[in-house]
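In: Structure of the sequence below:
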Amino acid sequence: MHRLFEAPATTLAVLACLAGTLGLPAAEAGRTGAPLETLTNVQAVLALGAEGGRLRAPVRLEVVVTYVRSVAQSFYAEDSNGAVLVHCLDSRYRPVQGQRIAIDGFTAGTRLGAVVEAVNVRVLGTAPLPPHKLTTAEALATGRDFGRRVALRGRVRDLRVIPGRMELLLNDGTHHFFALVRHSEMTLPIGWIDAQLEVRGVGMPTAEVTSGTSGPVVYPLGTNDLTVLSPGLTNVFDAPPLIRPVGRSDARLRASGVVTFKSAEQIFIETPDGPLGGSLLAPIHQDYPNSLSFDHS
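Out: So this is what the prediction gives:
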């Protein structure tokens, strides 16, 4: 058998040396133990997934800060390829929405996928925020638009105001989603029940709200990120009464009965058809009557 090519021993040694110094993609490097390739765009980070993120691949990104979380030194950022959650380990840096920054750090893995741990952050200036991407609750729930600035449209099924924020439950026609709106002082909006809204903000596949339920969530920066597309009910008692829910967990009904228990957030009444409980959208005055009617979703 004839050999088509035979490399000298010195050539093989040089090639082996070069292979040991070049970074490899994280998935391959995780199997071989070789140095990891430095990731320079968000999509490369996201492609690692939760398991790949735990390999601690080096990261060097230029991104725009889009949303600063209430959790200390944690924020969302985007480049032209996508969005990523950043946990900042640089105590000198304070994230501000709209900053254009350079990040040096490493990947980490979470149950939601790969994230970035920023060791060094340098502010490059400011930049326009990326436009909101029109999406659906289903796309958000599957993680396709995780951390991105998104816009969703839906009908308000429930809402409540708690200290520091307002929580909205909406339905886009197929799936439910939540909007958690930051606000220092807010009164309960009038006429938003059953209103059609466009909600803009950073999206997440799932988060738990005050009621204990969870689902896809949008985080608007304030009420300016909410647009009423069609008005809702100004008086929910104008709606026709329904004796029983009609096959949906958010079907609206009216009921009359005697109050058996009331707290700051809940009320229970005894109706001719049995006991019924509901969450209060607005506080009831202390001198409430023993018998009343209320709307419940």
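In: I'd guessed Gly191 sits against Leu197; true?
Out: No - using CB atoms under 8 Å as the test, Gly191 is too far from Leu197 to be in contact (11.4 Å). No exception for glycine: its C-beta is placed from N, CA and C like everyone else's.
In: For the two, indicate the residue with more neighbours.
Out: Higher neighbour count among Gly191 and Leu197: Leu197, with 20 against 14, using other CB atoms under 10 Å.
In: For the more buried one, give its distance to Asp79.
Out: According to CB to CB, to the nearest Å, Leu197 and Asp79 sit 29 Å apart.
In: Check Ser230 too.
Out: 36 Å.
In: more neighbours, these two?
Out: Neighbours per residue, other CB under 10 Å: of Ser230 and Asp79, the larger number sits with Asp79, 18 against 9.
In: which parts of stretch 58-72 are buried?
Out: 58-59, 61-68 (16 or more other CB atoms under 10 Å).
In: Now do the helices in this structure.
Out: Counting by DSSP state H, one finds helices in the chain at the ranges 9-21, 26-32, 42-46, 49-53, 137-141.
In: For stretch 200-219, what does the pLDDT average out to?
Out: For stretch 200-219, mean pLDDT is 82.
In: Please apply the same query to stretch 159-171.
Out: 86.
In: same thing with stretch 37-47?
Out: Stretch 37-47 comes out with an average pLDDT of 94.
In: mind checking the end-to-end distance for that stretch?
Out: Counting by CA to CA, to the nearest Å, you get 13 Å between the two ends of stretch 37-47.
In: How far does it sit from its chain's centre?
Out: Distance of stretch 37-47 from the chain centroid (CA atoms, centre = their mean, to the nearest Å) equals 21 Å.
In: Same question for stretch 126-137.
Out: Centroid separation between stretch 126-137 and its chain, computed with CA atoms, centre = their mean, is 13 Å.
In: try stretch 161-169
Out: With CA atoms, centre = their mean, you get 15 Å for stretch 161-169.
In: shaky segments in the stretch 101-250 of the chain?
Out: Applying pLDDT under 70 to the stretch 101-250 of the chain flags the ranges 184-188, 208-213, 236-250.
In: Show the contacting residues for Gln138.
Out: Small correction: residue 138 is Glu, not Gln. Shown in contact with Glu138 (CB atoms under 8 Å, 6 or more residues apart in numbering): 174-175.
In: Now with 6 Å, please.
Out: Contacts of Glu138 were listed using CB atoms under 6 Å, 6 or more residues apart in numbering, and they are His175.
In: With the one 10 residues further on instead?
Out: Contacts of Arg148 were listed using CB under 6 Å, 6+ apart, and they are 83, 133.
In: For the remainder of this discussion, apply numbering that starts at 385.
Out: Got it, the first residue is 385 from now on, which makes the last one we talked about Arg532.
In: ok, now how distant is it from Pro656?
Out: Distance, Arg532 to Pro656, by CB to CB: 49 Å.
In: repeat for Val449
Out: Val449 sits 56 Å away from Pro656, going by CB to CB.
In: Look up which residues are beta-bridged to Val565.
Out: Beta-bridge partners recorded for Val565 (DSSP bridges): Met550.
In: And the residue nearest to the spatial centre of the chain, how close does it get to Pro604?
Out: Centroid check for the chain by CA atoms, centre = their mean gives Met588 as the closest residue, at 2.2 Å. Applying CB to CB, the value for Met588 to Pro604 is 13 Å.
In: Repeat that for Val449.
Out: With distances taken as CB to CB, Val449 is found 16 Å from Pro604.
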